[in-house]
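Visitor: Here is my input; please provide its structure:
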Amino acid sequence: MMIVDADGAILGRLATKIAKDLLRGETITVINTEKAIITGNPNATARRFFEKREKGDPNKGPFYPRYPDKLFKRVVRGMLPYKKDRGMKAFRRLKVIVGNPENLKGEKVGKSIDDIECKYVSVKDLCKRLGAKVD
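Guide: Sure thing, here's the model as predicted:
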């Protein structure tokens, strides 16, 4: 079992690393998902995710999440062959937690917020813009 701390990590890079490890058979728990960041213009990022949420029929889908843990899982799901058996089994091995309730020690993966020189938005702030009630 692998524990990954998403605090200050870039969302896409972290998700690709996790997706590869899931396909190899690892069981992964991700903590502090609301502290991950998405690089780029914050307004453009919010607009892009808002369009994904509003696309389709509210009764039939496609449905796109607005809470940090569910949004993170959806990003990882997009990097897995989810409709195939091995992708579904890999996705079931992923556990995502907002915050760090058990005070777990997780390893940092990839670049962090200290290495970033461009604009970015945290997943928590993005989810607030999408309408989630996040503290």
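
Visitor: where in this structure is pLDDT low?
Guide: Of all residues in the chain, those with pLDDT under 70 make up the ranges 110-112.

Visitor: run the last query once more with 80
Guide: Applying pLDDT under 80 to the chain flags the ranges 102, 104-117, 135.

Visitor: the helices in it, which residues?
Guide: With DSSP state H as the criterion, the chain has helices at 11-23, 42-54, 68-77, 85-92, 123-130.

Visitor: So for D115, which of those sits nearest?
Guide: Closest to D115 of the helices of the chain, according to CB to CB: helix 11-23, at 11.0 Å. All C-beta atoms are positioned from the backbone trio N, CA, C, and that covers glycine.

Visitor: mind listing what's buried in that closest one?
Guide: Residues 11, 14-15, 17-19, 21-23 are the ones in helix 11-23 that count as buried (16 or more other CB atoms under 10 Å).

Visitor: Serialize these to TSV and add fields for distance to K55.
Guide: Supplementary listing: those in TSV, determined by distance: CB to CB, whole Å:
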residue	distance to K55
L11	20
L14	25
A15	20
K17	28
I18	25
A19	23
D21	30
L22	26
L23	28
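
Visitor: can you list the helices of the chain in JSON lines and add distance to D115?
Guide: Formatted as JSON lines, those follow (distance: least, CB to CB, whole Å):
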{"stretch": "helix 11-23", "distance to D115": "11"}
{"stretch": "helix 42-54", "distance to D115": "18"}
{"stretch": "helix 68-77", "distance to D115": "20"}
{"stretch": "helix 85-92", "distance to D115": "29"}
{"stretch": "helix 123-130", "distance to D115": "18"}
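
Visitor: which one of these lies closest to K105?
Guide: Judged by CB to CB, the one of those that comes nearest to K105 is helix 11-23, at 16.9 Å.

Visitor: picking that back up, and the buried residues of helix 11-23, which is closest to C118?
Guide: Within those, proximity to C118 (CB to CB) peaks at L11, which comes in at 14.0 Å.

Visitor: The closest one and N41, how far apart?
Guide: The gap separating L11 from N41 is 15 Å, by CB to CB, to the nearest Å.

Visitor: And for R129?
Guide: Going from R129 to N41 by CB to CB gives 13 Å.
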